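Asker: A structural model of the following input is requested.
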Amino acid sequence: MVHAGEEAAALDLAKKTIDAFEGSNVDAIVSNAAGCGSNIKDYAYLLRDDSAYADRARTFSAKCKDVSEILAGLESRAARHPLKLRVAFHDSCHLQHAQGVRSQPRALLSKIPELQLAEIPNPLSAAVPQASTTSSSLTLPTPSEIAKPASSRH
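Answerer: The predicted model follows:
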């Protein structure tokens, strides 16, 4: 919502989310959606000037983790069977840029016997240069942005 210019609604939703999780007595709040995860990790910043929520938001955001951050830190509990594949892993923009999570998904894949991970050098930045510098790929353009010639939009 913040990326779409709806800051007041986003702040209200952030407060409601914090309220809903407070008292849950959990060690971590885990998300498997990189965009959502980066947003909830950012509540501390979004609510930094709100005297009633700043400390609560810092506590909440500190508990927020991507599922790969949790799983990569755990030992396997079941036998891993070989998977004879060569795969390329494409980093989620929000996961990589907004959350700084890059090694954990690779660590999880490396636990699969015989799986070969092929690194792709800058796959997205070569095709879409502006995508490599932003994690707000779901931001919708404003009407005034749409009215501009395509060559001047970025």
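
Asker: show me where the chain has its helices.
Answerer: Under the criterion DSSP state H, the chain contains helices at 7-21, 34-41, 43-46, 54-63, 67-72, 93, 103-110, 123-127, 143-147.

Asker: number of nearby residues for Glu6?
Answerer: Glu6 has 12 neighbours, counted by other Cβ atoms under 10 Å. For every residue, glycine as well, the C-beta is placed using N, CA and C.

Asker: an error on my part: the question was meant for Asn25.
Answerer: 6.

Asker: quick check, pLDDT for it.
Answerer: Asn25 carries a pLDDT value of 92.

Asker: for it, grab phi and psi.
Answerer: phi 50, psi 50 (degrees, to the nearest 10).

Asker: look up how far Asp49 lies from Asp35.
Answerer: Not quite, residue 35 is Gly, not Asp. According to Cβ to Cβ, to the nearest Å, Gly35 and Asp49 sit 24 Å apart.

Asker: now Lys63
Answerer: To Asp49, Lys63 is 21 Å away according to Cβ to Cβ.
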